[in-house]
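> Quick one: sequence and predicted model below, then my questions.
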Amino acid sequence: MEPTRLKRGDCEILLLPVIRGLASEGELVERHYREFMPDAVALSISPEELKALREHDGKPLEPLCGTIEENVYESGLGKFGSVERPPRCFTVAIDVSDEFNTKLVGVDLTEEEFTRSYVSLVSGWDFVRRALGRSRLSSARFDQSSAEAFVLDWDRKLRKVRGYDLLEQRREAQISKAISDLAGRSRKLLAIVELERVRGVLERLESKTADEVH
């Protein structure tokens with residue numbers, strides 16, 4: 001999926017889709033940063049995750065050490081290249097932003113906001129359905145025609161449970177709002193957003209402006 005350029009007032013926004021975990025995405029982020037040279041960068045992670053990435057010692061984390069969903073994701077994504085934790089799409093963004101002293105913001109829900117949203121949107125039955133579906137997820141067939149197709153198919157399967165779909169919509173709404181707010185204080189904004197959230201974020205951004213730059 002190609003980057004999208006938008007205008008919000010006096011600010012030019014470059015919305016860059018990234019595949020979380022794919023090591024080669026680090027090069028993509030750095031290339032687009034240096035070509036665009038933003039004065040602010042938005043990452044589709046929480047402020048707490050941004051803080052944790054800044055404090056990380058730089059060593060790769062052990063693979064396949066997360067939830068069943070994360071393990072299935074990393075195993076499938078590994079067919080398209082090296083997979084690393086922490087995600088290089090975000091760690092490289094931090095490094096290059098620091099190199100140029102660029103404002104960097106985590107624009108996803110805070111941990112407290114995520115918890116409140118989870119409690120209000122995910123019902124007990126949703127939780128049971130997700131738990132029962134975990135064993136099927138491990139043997140599910142995914143679209144393997146490309147890394148992008150795999151990631152979007154993986155996301156679609158997880159969002160079949162209504163409460164979790166609503167939770168992702170809440171994240172997309174927060175990310176798009178934070179990008180808009182940051183654009184109001186910037187001239188050139190690079191928004192680095194995980195691929196599976198891009199469509200929802202872009203639809204919300206475009207609903208607020210018809211002034212798209214080609």
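Sure thing, it's come through.

> who are the neighbours in contact with residue 81?
22-24, 147 (C-beta atoms under 8 Å, 6 or more residues apart in numbering). The way it works is simple: take the backbone N, C-alpha and C, and place the C-beta from them, glycine included.

> Could you rerun that using 6 Å?
Residue 81 is in contact with 22, 24, counting by C-beta atoms under 6 Å, 6 or more residues apart in numbering.

> again with residue 126
Per C-beta under 6 Å, 6+ apart, neighbours of residue 126: 161, 163.

> Secondary structure element holding it?
Taking DSSP states H and E as the definition, residue 126 sits inside helix 124-139.

> For the following helix or strand past that helix, the averaged confidence score.
Sequence order places helix 147-158 as the next helix or strand after helix 124-139, per DSSP H and E. For helix 147-158, mean pLDDT is 95.

> Then stretch 133-141?
On average, stretch 133-141 scores 81.

> How about residues contacting that stretch?
Here stretch 133-141 makes contact (C-beta under 6 Å, 6+ apart) with 68, 72.

> try 7 Å this time
68-69, 72, 157 (C-beta atoms under 7 Å, 6 or more residues apart in numbering).

> quick one: which of the residues you listed is most hemmed in?
Tallying neighbours with other C-beta atoms under 10 Å puts residue 72 at the head of these, with 21 neighbours.

> For residue 80, see how far away that residue is.
To residue 80, residue 72 is 14 Å away according to C-beta to C-beta, to the nearest Å.

> still on that earlier bit, next step: the contacts of stretch 133-141 restricted to helices.
68-69, 72, 157 (DSSP state H).

> possible to save these as JSON lines with distance to residue 132?
Putting these into JSON lines (distance: C-beta to C-beta, whole Å) gives the following:
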{"residue": "68", "distance to residue 132": "12"}
{"residue": "69", "distance to residue 132": "13"}
{"residue": "72", "distance to residue 132": "15"}
{"residue": "157", "distance to residue 132": "14"}
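
> since we're on residue 42, how many residues are nearby?
28.

> so residue 193 touches residue 201, yeah?
Yes - using C-beta atoms under 7 Å, residue 193 is in contact with residue 201, at 5.6 Å.

> what residues are shared contacts of the two?
Residues touching both residue 193 and residue 201 (C-beta under 7 Å, 6+ apart) are residue 175.

> Please put the alpha-carbon coordinates of the helix holding residue 126 into PDB.
C-alpha atoms of helix 124-139 as PDB (Å, rounded to 0.1, in the frame of the first residue of the first chain):
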ATOM      1  CA  GLY A 124     -18.000 -11.500  28.300                       C
ATOM      2  CA  TRP A 125     -19.400 -13.400  25.300                       C
ATOM      3  CA  ASP A 126     -16.900 -11.600  23.000                       C
ATOM      4  CA  PHE A 127     -14.100 -12.700  25.300                       C
ATOM      5  CA  VAL A 128     -15.300 -16.300  25.300                       C
ATOM      6  CA  ARG A 129     -15.600 -16.300  21.500                       C
ATOM      7  CA  ARG A 130     -12.100 -15.000  21.100                       C
ATOM      8  CA  ALA A 131     -10.700 -17.600  23.600                       C
ATOM      9  CA  LEU A 132     -12.500 -20.400  21.700                       C
ATOM     10  CA  GLY A 133     -11.300 -19.200  18.400                       C
ATOM     11  CA  ARG A 134      -7.600 -19.200  19.400                       C
ATOM     12  CA  SER A 135      -7.200 -22.900  18.700                       C
ATOM     13  CA  ARG A 136      -8.800 -22.500  15.300                       C
ATOM     14  CA  LEU A 137      -6.600 -19.500  14.600                       C
ATOM     15  CA  SER A 138      -3.400 -21.600  14.800                       C
ATOM     16  CA  SER A 139      -4.700 -23.800  12.000                       C
END
